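Q: got a predicted structure plus its sequence, pasted below:
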Amino acid sequence: MSENPLLAPIHGISLEDYSAACAKMGSGLSEEQVASALGVELPVWQEVNLLWPERMKQDETYHIITLFGQYFGQADQHPKFSNLQPTLSAEGADNTARIKTDKAFYAELEVARQVAYDYGQDGAQWILDNYGIPLGDFQVAASNWNEQIHRDIEADFEGYNAQQAAYRAKYEKFFAAAQGGNVADDIEF
Amino acid sequence: MFGFGRKYDNPALIAEINETQQRWFAFLDKLEARVGEMCAAAIPELKTVFAQDKDPYKRAHGHLLSGLQGQLSLIRTKANDAREEKINGLIYAAEGVIPPITSAEGSKYHQLLHTFRMACFNRHHIFEEKLHVAMEKLQAAAGERDLETAYREQLEAFEAIKDKFNCQQCGGNITIPKMFFIATYVSCPFCQTQNTFLPSTGAQMVLHDARALAEQRTAHLRQLAERTQPRNPDLHRQYYRAMINEWNKIVPDMAGENEKFYERLLKDIGHY
């Protein structure tokens, strides 16, 4: 067991449990479902949900939040949640599986989500509505791809930027068309 | 054989420089006018949406603001692209054809290009400043959430309901001893059964907004600390202490955790 007192379980809920629970709530599970999966009642879960973030605030090394991100990305493998999946459409289930195995698919949707926000939409909701991927699963994919994307950037910075710019241009065109254009489209040099 | 002393004259380049500068200024004038029109229309809308948005996180307002900021970003990109293509493009092309700066004729054309570059870049800097002001205006349009009123309303709501609970087991009347912000066990004074008290959404938001409310109450101390130059760590410590005190008053049950966080903030001050 770790000697770091900030990593000690809270009411029996470890950081691995807590991280997986957060991921699953982001994917649509209720607090009651999460508490039940962890074998505690709602008041215990809510206190745990209050105190783990407090531990993160107190940790000046950022070790806890780093581990949180790592465990969050492994939520699908957590034994307490393996039999508890939110209900998804067939297409949503396919896309949710794909975003965790297809890096290019994730990279494109990450840009699409950001551009949606830039056009005044709820990007996370747009992803859910159009691809059936819940926010929690999207964040799990982000957590899993993060390291590899950093390696890609180091290996080919220009190529990465060019790809991102291409995705951005595609979705800016899409969202601009949906709202009838941008406010300064008619102004030319 | 090297063309020394040969007179260099390029009236077409001079005309192109003048025309490009005029077009650049006119282009930025038009973009600024459009930014002004957009903000004038958007600010009342932002205020209305903020006031009418019942969502405690004010997401409808957030999305509207995000969309407006996105449009300003696109306008910025449009200006940057034009600067790169039209202004820098002309400078690079001209530098490729005019004589070296060390020659008398070359010196004249290089000076011309330098004046053009500075005029265009200065105009762009003014544009950027105006865009920044517009961004800030949009951001500040709706003002701050009135957390103090929301907090007082929750205190009053709690006073009104705290004696209206009955034990799930024996039906005995239970008085909720204090305001809770998360689901909590409350014992029945008659049969000792543990009942689960679920606070209202509004009460749960008090916990969520407690730090923001404490920061609003102590904003004058934060501003003093931030504006004082050279930086004075004592003023930052004074602000953090006051903010944590207010935070503890709003959610006393979190005082222990807040004090640990305060220690962390003090360490951060020490790192500056």
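A: Noted; the coordinates are in hand. Numbering: from 1, shown residues only, chains lettered A, B, ... in the order given.
Q: what sits against the nearest residue to residue B:73 once chain neighbours are set aside?
A: Of all residues beyond its chain neighbours, the one nearest residue B:73 is residue A:118 (6.7 Å), with distances taken as Cβ to Cβ, 6 or more residues apart in numbering or on different chains. C-beta: built from backbone N, CA, C; applies to glycine. Contacts of residue A:118 were listed using Cβ atoms under 8 Å, 6 or more residues apart in numbering or on different chains, and they are A:172, A:175, B:66-67, B:69-70, B:73-74.
Q: out of those residues, which sit inside helices?
A: A:172, A:175, B:66-67, B:69-70, B:73-74 (DSSP state H).
Q: can you select the buried ones among these for me in PyMOL?
A: Restricted to buried positions by 16 or more other Cβ atoms under 10 Å in any protein chain shown, the PyMOL selection for those reads:
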select buried, (chain A and resi 172+175) or (chain B and resi 66+67+69+70+74)
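Q: got a pLDDT number for residue 131?
A: Unless you meant another one, I'm taking chain A. pLDDT, the model's per-residue confidence, is 96 for residue A:131.
Q: ah, I was thinking of chain B
A: 97.
Q: with the one 5 residues further on instead?
A: Per-residue confidence (pLDDT) for residue B:136: 95.
Q: next, count neighbours for it.
A: 10 (other Cβ atoms under 10 Å in any protein chain shown).
Q: look up phi and psi at it.
A: Per-residue torsions, residue B:136: phi -70, psi -40 (degrees, to the nearest 10).
Q: OK, contacts around it?
A: With Cβ under 8 Å, 6+ apart, residue B:136 has no contacts at all.
Q: distance check, it against chain A.
A: Counting by Cβ to the nearest Cβ, to the nearest Å, the separation of residue B:136 from chain A is 18 Å.
Q: for residue B:270, see how far away the closest residue to chain B within chain A is.
A: Residue nearest to chain B within chain A: residue A:120 (2.2 Å; Cβ to the nearest Cβ). Using Cβ to Cβ, to the nearest Å, residue A:120 is found at 42 Å from residue B:270.
Q: picking that back up, and the ones in helices among the contacts of residue A:118, which is closest to residue A:72?
A: residue B:66 (24.6 Å; Cβ to Cβ).
Q: ok, now which ones touch residue B:190?
A: Applying Cβ under 8 Å, 6+ apart, the residues near residue B:190 are B:167, B:170, B:172.
Q: that one should be in a strand, yeah?
A: No. Counting by DSSP: H, G, I helix; E, B strand; the rest coil, residue B:190 is not part of a strand but coil.
Q: now do the helices in the stretch 51-200 of chain B.
A: B:59-82, B:89-97, B:104-140, B:147-161 (DSSP state H, counting those that start in this stretch).
Q: one step back: next, the residue of chain A closest to chain B: secondary structure please.
A: Residue A:120 ends up coil, using three-state DSSP.
Q: pretty sure it contacts residue B:61?
A: No. With contact defined as Cβ atoms under 8 Å, residue A:120 does not count as touching residue B:61 (10.7 Å).
Q: give me the more crowded residue out of these two.
A: When neighbours are counted by other Cβ under 10 Å, residue A:120 and residue B:61 differ, and residue B:61 comes out ahead with 22 against 19.
Q: ok, back up a step: got a pLDDT number for the residue of chain A closest to chain B?
A: pLDDT, read off for residue A:120, is 88.
Q: name the nearest residue to it, sequence neighbours excluded.
A: Nearest to residue A:120 is residue B:67, by Cβ to Cβ, 6+ apart, at 2.2 Å.
Q: cool, and residue B:169?
A: Residue B:169 sits nearest to residue B:193 (Cβ to Cβ, 6+ apart), 3.9 Å away.
Q: dump the residue contacts of the one you found.
A: So residue B:193 contacts B:167-170, B:187 (Cβ under 8 Å, 6+ apart).
Q: residues in contact with the residue of chain B found nearest chain A?
A: Across chain B, the shortest distance to chain A (Cβ to the nearest Cβ) belongs to residue B:67, at 2.2 Å. Taking Cβ under 8 Å, 6+ apart, we find residue B:67 in contact with A:118-121.
Q: as JSON lines, these with distance to residue B:226 would be great.
A: Listed next are the contacts of residue B:67 as JSON lines, based on distance: Cβ to Cβ, whole Å:
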{"residue": "A:118", "distance to residue B:226": "29"}
{"residue": "A:119", "distance to residue B:226": "33"}
{"residue": "A:120", "distance to residue B:226": "31"}
{"residue": "A:121", "distance to residue B:226": "34"}
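Q: how many residues are close by residue B:177?
A: There are 11 residues near residue B:177, going by other Cβ under 10 Å.
Q: could you do the one 3 residues further on as well?
A: The criterion is other Cβ under 10 Å. On that basis, residue B:180 has 20 neighbouring residues.
Q: where do the helices sit along chain A?
A: A:15-26, A:31-38, A:42-58, A:63-73, A:90-98, A:103-118, A:123-131, A:135-155, A:157-178.
Q: nearest to residue B:156 among the ones you listed would be which one?
A: helix A:42-58 (23.6 Å).
Q: can you list contacts of the closest one?
A: Taking Cβ under 8 Å, 6+ apart as the rule, helix A:42-58 contacts A:6, A:10-11, A:13, A:15, A:18, A:21, A:31-32, A:34-35, A:38, A:40, A:64-65, A:68, B:182-185, B:196, B:198, B:207, B:254, B:257, B:260-261, B:263-264.
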